[in-house]
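Q: what follows is a predicted protein model with its sequence.
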Amino acid sequence: MNLLAAYLRKRLARALTVIVVLLAITSTAFSGNELAGRWTLTISFPDGPGSSTTQTRTVTIDVFPRGESLHGRANITDDAGRRVGATWRQVGKRVSIAYELPCPGDTPCASLILQGRVKGGGVVIKKGSVIVVWDTPNNRNPALYDTSNGTFRGDRIE
Amino acid sequence: MKSTNLIRFAVLIFSVFGLSLEGPTAKSQVELTLAGEWLVTSSPINGQTASPKGVSLGFPDRDMVFQQQGDIRTGVVLREDVGHDVRPLGVWRVNGDQFSTTFQLWCPNEDGPCGSIVMRGRFVRDDKISGTMTAFFDVFDDRTPTGYDTWTFSFVGNRTAAAASGGSN
């Protein structure tokens, strides 16, 4: 009798473990990691083509739900209050956000492609990478324009 | 009499010279915009049929619609030939006669590589554009400065419809 009770307890514990793991996987895969919401992005990249000086920009991104689509839209507001549009895609935890820098005056301008993984149940993007495509043509670069690499981090606000 | 003719001649010269100066100046003051619908045709540079890592894009003609609402400039590629809900999204900016637009690729196959497109070009006329297009695929390539598989195209585009006023996204 004791053996049977112990056996049943073991089975029950295993079943509960499986259920908990499944619930965790389900919530992570289908809702918790969706990018939609408001985030602060801290983006670091060179301040110009070929420059070794790094600039850091903090922007707020309002990511709109994408519904059933593979893509979604977003608005990015920089620390000077300039607002531009952005577009994003996501597969599982992997997200990509693209936008055009707002470029006042003579500052070097560029397009930014941010790539990272949403973690922590959907509240943080750590060690994201950034492709910077500058406006200056460069026939020796496979992209035909100067490029740089950067990094970014995302923290969910809402 | 002579001085009157001289004045008339001077007025004529100033008029003609003034007009000739005014022409390009006025023209350059026209603000160029991508807003509207464009048919963009691209072809791989050097005839490459796939990226260095073997990724392909598949279609040369793109029906692209650009919109602007205040500071928000958006774009969409219409791929109704594939499906009415297939609508790759992008953003854009214009500086003088140069423009840049960036799109996310549409990747329904979650197991395959995806990527982003950056287009750089200029307005040949207000209804004609040309430039280059670079695809950055989510595939590691240590031969490129960015570390991403990179594939370039040239493109030309013709405006097929003007911007709809007061449109929405």
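A: That came through fine. Just so it is clear, the structure is predicted and the values come from calculations on it, not from any experiment.
Q: could you measure from residue A:151 over to chain B?
A: Using CB to the nearest CB, to the nearest Å, residue A:151 is found at 13 Å from chain B. Glycine gets a C-beta too; all of them are placed from N, C-alpha and C.
Q: let me fix that: residue A:62
A: Taking CB to the nearest CB, one finds residue A:62 at 11 Å from chain B.
Q: so where's chain A uncertain?
A: A:1-6, A:8, A:12-13, A:15-31 (pLDDT under 70).
Q: report the buried residues of the longest strand seen in it.
A: The longest strand of chain A (DSSP state E) is strand A:124-137. Of the residues in strand A:124-137, A:125, A:128, A:130, A:131, A:132, A:133, A:134, A:135 count as buried by neighbour count, 16 or more other CB atoms under 10 Å in any protein chain shown.
Q: can you show me the strands along chain A?
A: According to DSSP E, the strands that chain A contains are A:37-46, A:54-63, A:71-78, A:83-91, A:94-100, A:110-119, A:124-137, A:145-156.
Q: distance to residue B:68 added to the ones you listed, as JSON lines?
A: Shown next, in JSON lines, are the strands of chain A (distance: least, CB to CB, whole Å):
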{"stretch": "strand A:37-46", "distance to residue B:68": "23"}
{"stretch": "strand A:54-63", "distance to residue B:68": "18"}
{"stretch": "strand A:71-78", "distance to residue B:68": "14"}
{"stretch": "strand A:83-91", "distance to residue B:68": "9"}
{"stretch": "strand A:94-100", "distance to residue B:68": "12"}
{"stretch": "strand A:110-119", "distance to residue B:68": "17"}
{"stretch": "strand A:124-137", "distance to residue B:68": "20"}
{"stretch": "strand A:145-156", "distance to residue B:68": "24"}
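Q: among the buried residues of strand A:124-137, which ones lie close to chain B?
A: A:131, A:133, A:135 (CB under 8 Å from any CB of the partner chain).
Q: closest one to residue A:114 out of those residues, please.
A: The nearest member of those to residue A:114, counting by CB to CB, is residue A:131 at 8.2 Å.
Q: quick one, which of the strands of chain A is nearest to residue B:110?
A: strand A:83-91 (5.0 Å).
Q: the helices in chain B, which residues?
A: B:2-28 (DSSP state H).
Q: mind listing what's buried along the lengthiest strand in it?
A: Looking across chain B with DSSP E, the single longest strand is strand B:148-162. For strand B:148-162, the neighbour count (16+ other CB under 10 Å) marks B:148, B:149, B:150, B:151, B:152, B:153, B:155, B:156, B:157, B:159 as buried.
Q: and it, what does it pack against?
A: Here strand B:148-162 touches strand B:36-44, strand B:115-125, strand B:128-140, going by 3 or more CB pairs under 8 Å, 6 or more residues apart in numbering or on different chains; DSSP states H and E.
Q: and the ones you listed as JSON lines, adding mean pLDDT and mean neighbour count?
A: Output for those, formatted as JSON lines (pLDDT from 0 to 100; neighbours: other CB atoms under 10 Å in any protein chain shown):
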{"stretch": "strand B:36-44", "mean pLDDT": "96", "mean neighbour count": "17"}
{"stretch": "strand B:115-125", "mean pLDDT": "97", "mean neighbour count": "21"}
{"stretch": "strand B:128-140", "mean pLDDT": "97", "mean neighbour count": "20"}
